[in-house]
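1. Next comes the sequence, and after it the predicted model I'd like to discuss.
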Amino acid sequence: MTLLKNVYFIPISSYSETEKISDGAKKLLERVIKDEGITLEKNIPLKVHFGEKGNLTFIKSDNYQGIIDYLKENGKEPFFIETNVLYRGDRTNRKNHVRLALKHGFTQIPIIIADGEIGEEYEEIEIGMKNLDKCKIAKQISNQKQMIVLSHFKGHIGAGFGGAIKQLGMGCAARGGKLEQHANTVPIINPLQCKKCKKCIESCPSEAINIGLFSRIKKQKCIGCAACISVCPHRSIKINWIGSISRKFYERMAEYAYAAQKNKEIIYISFALNITKNCDCEGHRMKPFVRDLGIFASTDPVAIDMACLDKLSKREDRAVFIRGRYILNYSQSIGLGNKEYNLIEIK
Ligand code: SF4
Ligand code: SF4
């Protein structure tokens, strides 16, 4: 018989109640640590998402203050940890990424970008699963024994919804790992934008790029490291998204999530607040489209995502999230967690 994990929940009716959210998150963290008998190490990473430039609906760092205070009061030294993104933007390299994070208010504790300057630092974690044998997990995440994964539960254009599993799978992968999760792992060159500067050739570790009359990336040689995307000064190398959202995409993301949490003790805290249709990587103004639910905490990434979805009404669920349910089934089948859970509501 499987022992069901607890999911703790504090209802919060408005994202504007920053103090209540911050206190609630602290209360949840304390409760999980006590009930699950967790002893935290001195240095504890808080996996976050800093929000894309122009995005206004990511979870602001003030809401994490209670968690930070609790950790510091208990002699811990927390730090924010995050990885570079796959596409070109302000979070593509470490320097710009940190600058944006500071501008977005993540100033309370140090920031570590876990996969190096442009996503080149990773460890291959062996998992031996249906789709992937190994996963490229950001080096400074693979080194950690413990982590607190702070997720913003919201919709996602590809995954249906984003929560703890996505924060682990996509959020902890180095750039090449992010690319690998999409079905088409070979990027494409836009000939109309390419200025033939050949910077991409210098960065390619496998001589896969031809720049000339017919510029192209050779499928047989490309190892999907995504370095060329990050170095092209003219943004002319793109991810081939066509056909990339499929069952394979969900399965690979779940397998990456499995690799990211392998041999780690993790506490998941999900903020189901300010819930937008698309994710915090969207660099434009969005409005929340379902009501605020509250904060959830657990040691099971599948249970916590399931609990967030279960709190939605049928109408809200159908609106966008239902597409993502396949990932929960697959995640459970590979042993990432359990869709069933005990819900404990804390007032
Ligand atoms: S780096 Fe970009 S612009 Fe320069 S040759 Fe490569 S694809 Fe073209
Ligand atoms: S993804 Fe990596 S291996 Fe493939 S073409 Fe770009 S730099 Fe080369």
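-> Looks like it arrived, so ask away. Ligands and ions are numbered 1, 2, ... in the order given.
2. For the chain, what lies in contact range of ligand 1?
-> Along the chain, the residues adjacent to ligand 1 under the rule C-beta under 6 Å from any ligand atom are 189, 194-200, 211, 232, 234, 236-237. C-betas here are computed from N, CA, C, even on glycine.
3. Now neighbour count, pLDDT and distance to residue 325 too, for those residues, in JSON lines please.
-> Below are the residues of the chain next to ligand 1 laid out as JSON lines (neighbours: other C-beta atoms under 10 Å; pLDDT from 0 to 100; distance: C-beta to C-beta, whole Å):
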{"residue": "189", "neighbour count": "20", "pLDDT": "94", "distance to residue 325": "36"}
{"residue": "194", "neighbour count": "16", "pLDDT": "94", "distance to residue 325": "40"}
{"residue": "195", "neighbour count": "11", "pLDDT": "94", "distance to residue 325": "44"}
{"residue": "196", "neighbour count": "12", "pLDDT": "95", "distance to residue 325": "46"}
{"residue": "197", "neighbour count": "14", "pLDDT": "95", "distance to residue 325": "45"}
{"residue": "198", "neighbour count": "13", "pLDDT": "94", "distance to residue 325": "45"}
{"residue": "199", "neighbour count": "15", "pLDDT": "92", "distance to residue 325": "42"}
{"residue": "200", "neighbour count": "25", "pLDDT": "92", "distance to residue 325": "38"}
{"residue": "211", "neighbour count": "16", "pLDDT": "95", "distance to residue 325": "43"}
{"residue": "232", "neighbour count": "22", "pLDDT": "89", "distance to residue 325": "36"}
{"residue": "234", "neighbour count": "14", "pLDDT": "91", "distance to residue 325": "39"}
{"residue": "236", "neighbour count": "21", "pLDDT": "92", "distance to residue 325": "37"}
{"residue": "237", "neighbour count": "23", "pLDDT": "89", "distance to residue 325": "33"}
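4. ok, of the residues you listed, which one's closest to residue 149?
-> Within the set of these, residue 237 lies nearest residue 149; the separation is 30.6 Å, counting by C-beta to C-beta.
5. ok, the closest residue to residue 132 other than its chain neighbours - contacts?
-> Excluding the flanking residues, the one nearest residue 132 by C-beta to C-beta, 6 or more residues apart in numbering is residue 255, at 4.9 Å. Residues in contact with residue 255 (C-beta atoms under 8 Å, 6 or more residues apart in numbering) are 127, 129-132, 135, 169, 334.
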